[in-house]
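1. kindly generate the corresponding structure for this input.
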Amino acid sequence: MRYMLKLRSRSSTLWKTEGIDLDRPRNSWGSELQLRHKVQRFSSALAAEELPWAIFFLFSIFLVVASVARAQQPTPASTYTLKPTPKTVAWGYYDAKTPPVLRVKSGDTVEIQTLITSSPKRLEDAGVPPDQVEQSLRDITDQVKDKGPGGHILTGPIYIEGAEIGDVLEVRILAAKLAIPYAYNGFSPGRGYLTEDYPYPKIKIIPLDEKRMVARFAPGIEIPLHPFFGSMGVAPPEISGRISSAPPWIHAGNIDNKDLVAGTTLYIPVHAPGALFLVGDGHAGQGDGEVDITAMETSLIGTFRFIVRKDMHLRWPRAETPTHFITMGLHEDLNEATKLAVREMIDFLMNEKHLARDDAYMLSSVAADLHITELVDGNKGVHMMIPKSIFVSGSSK
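-> Model (predicted):
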């Protein structure tokens with residue numbers, strides 16, 4: 001035992017000459033390259049030691065390797081719950097200066113409850129029983145005065161530690177479930193795609209059957225439920241100030257993409273420290289285009305895992321499902337939005353699948369599909385989907 005203690009003492013002394021203190025954290029020893037150089041110098045120094053120190057050498061190397069292994073063990077991820085209250089929502093805006101309501105680490109999971117985009121009075125006037133209007137919606141409607149210019153009640157923002165400008169926030173949508181047994185659809189003058197045809201307001205309450213996962217739209221009409229969040233986004237660049245929650249943009253936001261259900265992943269460029277993620281505008285289902293400006297609007301409870309990606313650099317949001325890669329174009333002009341979606345797909349194919357530029361354009365034409373995401377949110381949305389199954393030699397990000 002005394003000999004082993006002597007070895008330990010001698011080991012620590014020699015390592016300290018190389019700036020390595022075995023009793024301090026691994027990240028204080030320098031980079032991996034620096035550590036390799038230190039080990040090489042340490043090995044050379046052993047040439048002057050007597051033969052018994054060969055044992056010491058092996059023991060010392062074991063100590064270093066063991067310390068590195070301990071340092072590389074991942075920190076257990078945490079799970080949080082975030083509910084909507086007057087102090088945990090941003091009503092109608094994205095803003096880099098909004099104080100976060102929760103701080104998490106990369107890899108953590110958060111269950112987030114979101115609220116329907118409406119008011120208690122409007123819902124009750126449309127026929128919703130008062131006891132089915134969520135108390136949190138009443139509290140927020142009564143107490144939150146700092147709101148607009150948009151209308152969505154967004155839960156958050158959430159600060160993800162380590163997220164820096166230029167990174168990408170990977171948002172894994174693990175679950176999306178109904179919080180209430182109804183949704184609504186409605187239109188009003190001056191809003192929607194056919195404003196000249198529908199210059200009057202109307203709202204319809206749609207019962208939701210969670211057990212059968214259908215919406216009872218009308219007698220003889222049942223719509224399969226595919227819950228998703230219409231608005232998922234991060235803070236825009238600080239220079240943009242407070243922006244409306246209505247138009248989607250480089251921060252994602254109100255993209256209204258019906259394909260982003262549970263089991264899919266959204267990638268958003270980070271424009272502010274911590275990313276500042278917000279989510280809301282729950283939908284029980286929607287058609288591509290969202291032509292009357294609303295989907296089956298409802299309250300949802302979602303489970304999200306946040307991962308900071310230092311290895312990705314994007315200009316626009318992207319996504320993937322279990323079966324497809326998705327690129328997006330967002331612009332007030334539908335043609336320009338379409339061009340953006342196609343150019344983003346070409347960029348994806350060149351950088352992620354290593355295709356030549358011409359081949360990427362050709363593959364987009366023969367294998368990818370364009371969808372009108374929405375036509376009614378200021379910036380129109382187009383997304384392009386390419387199946388993962390065509391990449392037979394291997395392939396997801």
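
2. and the strands in the stretch 51-200 of the chain?
-> 79-82, 89-91, 93-94, 102-105, 109-113, 153-161, 168-178, 182-187 (DSSP state E, counting those that start in this stretch).

3. could I get these as CSV with mean neighbour count and mean pLDDT?
-> Where C-beta positions appear, they are placed from N, C-alpha and C, glycine not excepted. Listed next are the strands of the stretch 51-200 of the chain as CSV, based on neighbours: other C-beta atoms under 10 Å; pLDDT from 0 to 100:
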stretch, mean neighbour count, mean pLDDT
strand 79-82, 14, 98
strand 89-91, 24, 98
strand 93-94, 26, 98
strand 102-105, 17, 98
strand 109-113, 20, 98
strand 153-161, 25, 98
strand 168-178, 20, 98
strand 182-187, 22, 98
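
4. now render the ones you listed as JSON lines, adding distance to Arg318.
-> Listed next are the strands of the stretch 51-200 of the chain as JSON lines, based on distance: least, C-beta to C-beta, whole Å:
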{"stretch": "strand 79-82", "distance to Arg318": "25"}
{"stretch": "strand 89-91", "distance to Arg318": "24"}
{"stretch": "strand 93-94", "distance to Arg318": "19"}
{"stretch": "strand 102-105", "distance to Arg318": "22"}
{"stretch": "strand 109-113", "distance to Arg318": "21"}
{"stretch": "strand 153-161", "distance to Arg318": "18"}
{"stretch": "strand 168-178", "distance to Arg318": "9"}
{"stretch": "strand 182-187", "distance to Arg318": "28"}
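
5. out of those strands, which is closest to Gly233?
-> Of all these, strand 93-94 sits nearest to Gly233, with 5.8 Å by C-beta to C-beta.

6. sheet partners, orientation included, of the closest one?
-> strand 243-244 (antiparallel) (DSSP bridges).

7. which SSE is immediately downstream of the strand it pairs with?
-> strand 252-253 (DSSP states H and E).

8. tell me what that next one is packed against?
-> Packed against strand 252-253 by the contact rule (3 or more C-beta pairs under 8 Å, 6 or more residues apart in numbering; DSSP states H and E) you find strand 228-233.

9. what's the strand it packs on packed up against?
-> Strand 228-233 packs on strand 168-178, strand 252-253, strand 264-269, strand 275-283, going by 3+ C-beta pairs under 8 Å, 6+ apart.

10. can I get these in CSV including distance to Ala246?
-> Shown next, in CSV, are those (distance: least, C-beta to C-beta, whole Å):
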stretch, distance to Ala246
strand 168-178, 20
strand 252-253, 8
strand 264-269, 17
strand 275-283, 10
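
11. I'd like to know which of the ones you listed is closest to Gly127.
-> strand 168-178 (18.5 Å).

12. and the closest one, what does it pack onto?
-> Partner elements for strand 168-178 (3+ C-beta pairs under 8 Å, 6+ apart): strand 228-233, strand 264-269, strand 275-283, strand 300-309.

13. tell me where the stretch 51-200 of the chain is predicted with low confidence.
-> 51-75 (pLDDT under 70).

14. from Arg357, how far out is Asn351?
-> 11 Å (C-beta to C-beta, to the nearest Å).

15. now the helices for this structure?
-> 2-17, 32-45, 53-72, 120-125, 135-143, 334-352, 357-367 (DSSP state H).

16. quick one: average pLDDT of the last one?
-> Helix 357-367 shows an average pLDDT of 98 in the prediction.

17. for it, buried residues please.
-> Neighbour counts over helix 357-367 (16 or more other C-beta atoms under 10 Å) mark 360-361, 363-364 as buried.

18. same question, the shortest one
-> Across helix 120-125, burial judged by 16+ other C-beta under 10 Å covers 120, 123.

19. ok, and what's touching that helix?
-> The contact list for helix 120-125 (C-beta atoms under 8 Å, 6 or more residues apart in numbering) reads 116, 130, 133, 137-138, 141, 184, 203, 205.

20. chain center to it, what's the gap?
-> Computed by C-alpha atoms, centre = their mean, to the nearest Å, the chain-centroid distance of helix 120-125 equals 32 Å.

21. I'd say Glu170 and Thr265 touch.
-> Yes. The pair Glu170 and Thr265 passes the contact test of C-beta atoms under 8 Å, sitting 6.2 Å apart.

22. phi and psi next, for the closest residue in space to Gly151 that isn't next to it in sequence.
-> Spatially, and ignoring its direct neighbours in sequence, Gly151 is nearest to Gly92 (5.4 Å; C-beta to C-beta, 6 or more residues apart in numbering). Backbone torsions of Gly92, given as degrees, to the nearest 10, read phi 90, psi 10.

23. ok, Gly92 - contacts?
-> Contacts of Gly92 (C-beta under 8 Å, 6+ apart): 147-154, 244-245.

24. if we use 10 Å, what do you get?
-> By C-beta atoms under 10 Å, 6 or more residues apart in numbering, the residues touching Gly92 are 117, 144, 146-154, 242-246, 280.

25. can you pull up the most central residue in the chain?
-> Val171 (2.4 Å; C-alpha atoms, centre = their mean).

26. related to what we said a few turns ago, and the buried residues of helix 357-367, which is closest to Lys177?
-> Out of the buried residues of helix 357-367, the member with the shortest distance to Lys177 (by C-beta to C-beta) is Ser364, at 35.0 Å.

27. thought that closest one was touching Thr338?
-> No. If you go by C-beta atoms under 10 Å, Ser364 and Thr338 don't touch, sitting 11.6 Å apart.

28. okay, and the common contacts of the two?
-> By C-beta under 10 Å, 6+ apart, the residues touching both Ser364 and Thr338 are 370, 384.

29. could you flag which of the contacts of Gly92 are buried?
-> Of these, these count as buried by 16+ other C-beta under 10 Å: 117, 144, 147, 150, 152-154, 242-246, 280.
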